[in-house]
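**Student:** I would like to see how this sequence folds:
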Amino acid sequence: MSTTSTELLTKSFKINNKTTKNNIVTTLKENIKSITCSSINEELRTKHRFLKFLGSGTSGYTISICNDNSCKKPVVLKYAKMSKKKDSSENNVKNVTHPINVEVLFNELFSDIIQKKMSPHLNIFYGSITCPSTVLLNNPNITGKWISKLKNNLSTGDIFDSIKLLFIEQGYKDLDEYMKIQYTRINKHNFLDIPFIKDLEREFRVILFQICYTLVTLQYNIVGFRHNISKLTIYLYINAIEI
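**Tutor:** Numbers count the residues shown, from 1 in each chain. You can find the predicted model right below:
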């Protein structure tokens with residue numbers, strides 16, 4: 001989920017639907033459609049498209065990559081390993097109820113909400129592909145405990161020898177980082193600086209509104225939707241001027 005800087009809040013829908021951004025999104029989606037399992041590995045290994053490691057969790061490993069030579073619009077690439085369900089009659093990577101496939105479905109629904117101009121405060125989903133685990137194991141830029149755990153999961157048969165690659169719009173920074181910056185700003189100002197305090201209060205109110213509004217929009221349009229995790233690091237901040 002993404003939030004937008006307050007100065008241009010009233011214009012956020014307009015900004016998000018400018019022809020220029022639509023063109024960028026269309027180009028990115030077309031670029032990703034042409035990606036294959038072998039090409040993405042080769043791109044990241046030899047053409048220095050890899051930018052930086054972003055984070056990892058139980059099932060996912062995320063990095064920032066350049067989607068084209070200009071690298072004006074970095075993209076998040078999430079590698080998601082696919083665990084095997086115990087006692088399942090549909091124990092395969094195409095099972096629509098598999099958590100990773102459900103994640104892809106929800107990302108597609110979120111993008112649909114953006115396209116229908118219901119809310120601009122979501123990350124655009126560019127697409128996904130399914131690849132053999134070798135796209136991770138043979139990449140020197142992707143290392144660490146997560147890869148070691150992946151190898152162990154493969155050897156014990158706990159996961160499929162398939163990795164789902166998800167391509168998602170990258171945020172500017174997460175809300176946790178943003179709040180730390182605001183605390184620094186506060187420490188540099190006197191609390192008697194009324195204009196500054198009012199501006200800061202308005203900014204926090206706008207961010208809270210965007211989060212609540214988007215959650216309500218999702219719950220209204222996607223029957224049964226629940227957002228089970230709420231912490232500062234899952235909310236991404238995007239400067240409206242950069243959109």
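
**Student:** where are the low-confidence patches of this structure?
**Tutor:** Applying pLDDT under 70 to the chain flags the ranges 1-25, 46-48, 86-91, 190-193, 231-233, 237-243.

**Student:** buried ones in the biggest helix by length in it?
**Tutor:** In terms of residue count, the longest helix belonging to the chain (DSSP state H) is helix 194-221. Judged by neighbour count (16 or more other C-beta atoms under 10 Å), helix 194-221 contains these buried residues: 200, 203, 206-207, 210-211, 214-215, 217-218. In this view, the C-beta of every residue, glycine as well, is placed from N, C-alpha and C.

**Student:** next, name the residue at the spatial heart of the protein.
**Tutor:** Central residue check for the chain by C-alpha atoms, centre = their mean: the C-alpha nearest the mean position is that of residue 168, 4.8 Å away.

**Student:** for residue 81, give me its contacts.
**Tutor:** Contacts were defined as C-beta atoms under 8 Å, 6 or more residues apart in numbering; by that measure residue 81 touches 59-60, 133, 150, 153, 159-160, 163.

**Student:** actually residue 198, sorry about that
**Tutor:** Residues counted as contacts of residue 198 (C-beta under 8 Å, 6+ apart): none.

**Student:** could you show me where the strands are in this structure, in order?
**Tutor:** Using DSSP state E, the strands of the chain run over 2-4, 50-56, 60-65, 75-83, 125-132, 159-169, 173-174, 236-238.

**Student:** circling back: now the residue nearest to the centre of the chain: closest residue in space, sequence neighbours ignored.
**Tutor:** Leaving aside its chain neighbours, residue 168 sits nearest to residue 76 (4.5 Å; criterion: C-beta to C-beta, 6 or more residues apart in numbering).
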